[in-house]
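In: I would like the atomic coordinates for the input below:
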Amino acid sequence: MHNATLRRRGQSSRVRALFRVLGCTGLVLWLGFAKAGTEVTGSRFWHGPERTRLVLELTDSVRFKVFRLENPERVVIDLSDSSLAEGFSLPLKGGGPVVSVRSGRPAAKTLRVVLDLRAPWPYRSFLLTPSGSYPYRLVVDLSGNSLEGLSVADLSDTREEDYLVVIDPGHGGEDPGAVGGKGSHEKDVALAIANRLKRIINWDSRMRAVLTRTEDYYVSLRKRVTFAMNKRADVFLSIHADAAKRRSARGASVFILSTDGASSEMGKWLAQRENASDLAGGVDIGEHDPSLQRTLLDMGLDWKIKESRSLGVELLKSLGKVGPLHSANVERAGFAVLKSIDIPAVLIETGFMTNPDEEQALKQALVQERIAGAIFRALSAYCDTDQRCPRRTGESNAYVVAPGDSLPLIAARLGVTVKDLRIANPSNSGSLRLGQRLKVPAP
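Out: Next up is the predicted model:
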């Protein structure tokens with residue numbers, strides 16, 4: 001009897017323990033069910049000349065609705081069966097037209113994000129599927145212009161008679177381009193070199209330069225092309241920094257448009273990567289222009305390819321004097337950004353972000369200035385052969401000091417050493433004056 005009682009008590013204890021386990025498991029299952037659905041894991045704002053963009057990173061696809069409310073003005077984003085990821089919170093301020101950002105739950109499983117606006121603002125939204133390292137993304141654009149408007153890009157004044165160079169800093173905004181081992185972004189290097197090149201060209205005054213983007217925002221490939229065409233550019237230069245599977249890959253390359261395949265496996269791989277940048281940059285599929293997917297058949301194509309190759313040869317000569325070349329030949333590839341432009345157009349890979357040494361070098365101001373100076377000298381040499389380009393007005397062996405110049409900066413720009421610059425200008429090597437003329441030593 002005593003043993004039977006003990007057995008019953010033992011069974012009861014095991015049953016209670018089992019219920020406790022099941023209860024805990026049920027709680028875990030219930031919590032898991034409660035957390036089911038899509039989570040917002042990240043957010044960021046981008047501000048460009050034509051739009052302010054909100055990007056929400058998601059763990060999965062989502063049903064969403066975006067609408068406007070008045071008094072006060074706001075844009076509301078409702079995401080079905082969604083929640084903010086644990087530990088993540090939305091930014092309180094947006095910038096641009098967005099005064100503040102709030103979130104809440106109008107219904108049990110609906111996450112609501114509210115953008116409080118300064119004034120009524122046109123908007124549109126679209127969902128991007130995963131691409132490369134990017135997850136699902138919900139994009140909401142607040143546009144200051146017509147949704148069909150083109151990128152205003154660089155607002156610098158230009159004249160019809162200018163020999164116009166359109167400089168295209170690759171990537172930007174949501175699309176970082178190649179990312180180095182230390183976290184450096186191609187988009188930042190490309191913009192820094194492009195800004196330096198623009199400054200050199202415009203100070204020289206023989207040519208005129210404008211940029212397809214002036215800050216950290218994304219411009220679609222179609223709009224980069226259309227901007228150059230609408231500006232009636234004479235030359236198109238797209239500035240990039242390379243990526244490769246081998247960390248030892250190094251040096252600069254120059255590419256022109258190919259209509260019959262890439263001239264190397266690297267060119268084919270790069271073209272695929274660059275042409276896919278609209279997916280990373282967050283471009284609505286409706287923005288794609290079918291003409292970018294077709295081979296050019298216009299009568300000027302042969303002339304364009306010939307002139308682009310001539311410019312590319314000059315670029316390789318000049319770049320090879322300030323650093324290593326990845327390829328000594330002008331490569332060919334089907335870059336979308338080089339299509340539909342009936343002018344000489346080249347894409348310059350200034351080095352490899354995936355090479356640790358070059359990643360570090362490409363972030364340095366003097367290296368960026370050296371590369372910009374080399375591109376400028378190549379452009380000037382090409383300009384000498386182009387009947388459309390004005391003749392040189394200044395002395396080829398003289399340099400006029402520009403705002404912000406220093407001897408190291410001038411030396412980097414000219415591709416010479418500070419020592420040689422001092423030797424060539426013994427009486428002018430002290431403090432520099434705006435407009436001062438310096439003799440340029442032979443490189």
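
In: now do the same end-to-end measure for stretch 198-215.
Out: Using CA to CA, to the nearest Å, one end of stretch 198-215 lies 14 Å from the other.

In: roughly how far is that stretch from the heart of the chain?
Out: 19 Å (CA atoms, centre = their mean, to the nearest Å).

In: list the buried ones in it?
Out: 198-202, 204, 206-214 (16 or more other CB atoms under 10 Å). (Each C-beta comes from the backbone N, C-alpha and C, glycine too.)

In: cool, stretch 213-229 as well?
Out: 213-214, 216-229.

In: For it, the averaged confidence score.
Out: Mean per-residue pLDDT for stretch 213-229: 87.

In: Please apply the same query to stretch 108-118.
Out: Summarised as a single mean, pLDDT over stretch 108-118 is 94.

In: what's in contact with that stretch?
Out: Here stretch 108-118 makes contact (CB atoms under 8 Å, 6 or more residues apart in numbering) with 37, 40, 54, 56, 72-84, 90, 94, 97-106, 140, 142.

In: Just the CA trace of it, in CSV.
Out: Only the C-alpha atoms of stretch 108-118 are listed here, as CSV (Å, rounded to 0.1, in the frame of the first residue of the first chain):
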residue,chain,number,x,y,z
ALA,A,108,-3.5,44.4,-34.0
LYS,A,109,-1.3,43.2,-36.8
THR,A,110,-0.7,46.4,-38.7
LEU,A,111,2.4,48.5,-38.3
ARG,A,112,1.9,52.1,-39.2
VAL,A,113,4.7,54.5,-40.0
VAL,A,114,3.8,58.2,-40.2
LEU,A,115,5.9,60.9,-42.0
ASP,A,116,4.9,64.4,-40.7
LEU,A,117,5.5,66.8,-43.6
ARG,A,118,6.1,70.5,-43.8
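
In: re the thing from before, just the contacts of stretch 108-118: which are in strands?
Out: Among these, DSSP state E puts 40, 54, 56, 74-80, 82-84, 98-106, 140, 142 in strands.

In: Please enumerate the strands of the stretch 201-350 of the chain.
Out: Applying DSSP state E, counting those that start in this stretch to the stretch 201-350 of the chain gives strands spanning 208-211, 235-242, 253-257, 331-333, 345-352.

In: what about the stretch 51-200 of the chain, any weak spots by pLDDT?
Out: 144-153, 155 (pLDDT under 70).

In: Next: the stretch 251-400 of the chain.
Out: Those would be 259-301, 339-341, 394, if you go by pLDDT under 70 across the stretch 251-400 of the chain.

In: which residues in it form helices?
Out: For the stretch 251-400 of the chain, applying DSSP state H, counting those that start in this stretch gives helices covering 265-275, 277-281, 301-319, 356-362, 365-385.

In: any chance of the ones you listed in CSV, with distance to Leu128 too?
Out: CSV is the format used below for those (distance: least, CB to CB, whole Å):
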stretch, distance to Leu128
helix 265-275, 16
helix 277-281, 7
helix 301-319, 33
helix 356-362, 28
helix 365-385, 32
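
In: just to revisit the earlier point, of all the buried residues of stretch 198-215, which comes closest to Gly132?
Out: Arg213 (20.8 Å; CB to CB).

In: Check the gap between that closest one and Gly37 for me.
Out: Using CB to CB, to the nearest Å, Arg213 is found at 37 Å from Gly37.

In: Ok, Tyr136 next?
Out: 13 Å.

In: try Ser327
Out: 50 Å.

In: tell me, how many neighbours does Leu92 end up with?
Out: If you count neighbours by other CB atoms under 10 Å, Leu92 ends up with 8.

In: you'd agree it is up against Ser100?
Out: Yes. Between Leu92 and Ser100 there is a contact at 6.2 Å, judged by CB atoms under 8 Å.

In: so the helix or strand where Leu191 lies versus strand 235-242, what angle?
Out: Using DSSP states H and E, Leu191 sits in helix 186-204. If you take axes from the mean of the first three to the mean of the last three CA atoms, to 10 degrees, helix 186-204 sits at 140 degrees to strand 235-242.

In: for helix 186-204, packing partners?
Out: strand 164-169, strand 208-211, strand 235-242, strand 345-352, helix 365-385 (3 or more CB pairs under 8 Å, 6 or more residues apart in numbering; DSSP states H and E).

In: any idea how far it is from the chain center?
Out: For helix 186-204, the distance to the chain centre is 14 Å (CA atoms, centre = their mean).

In: and the angle from it to strand 164-169?
Out: 160 degrees.

In: residues shared between the contacts of Tyr136 and Gly37?
Out: Counting by CB under 8 Å, 6+ apart, the residues touching both Tyr136 and Gly37 are Asp60.

In: which residues touch stretch 312-320?
Out: 252, 254-256, 325, 328-330, 346, 348, 350, 371, 374-375, 377-379, 381-382, 415.
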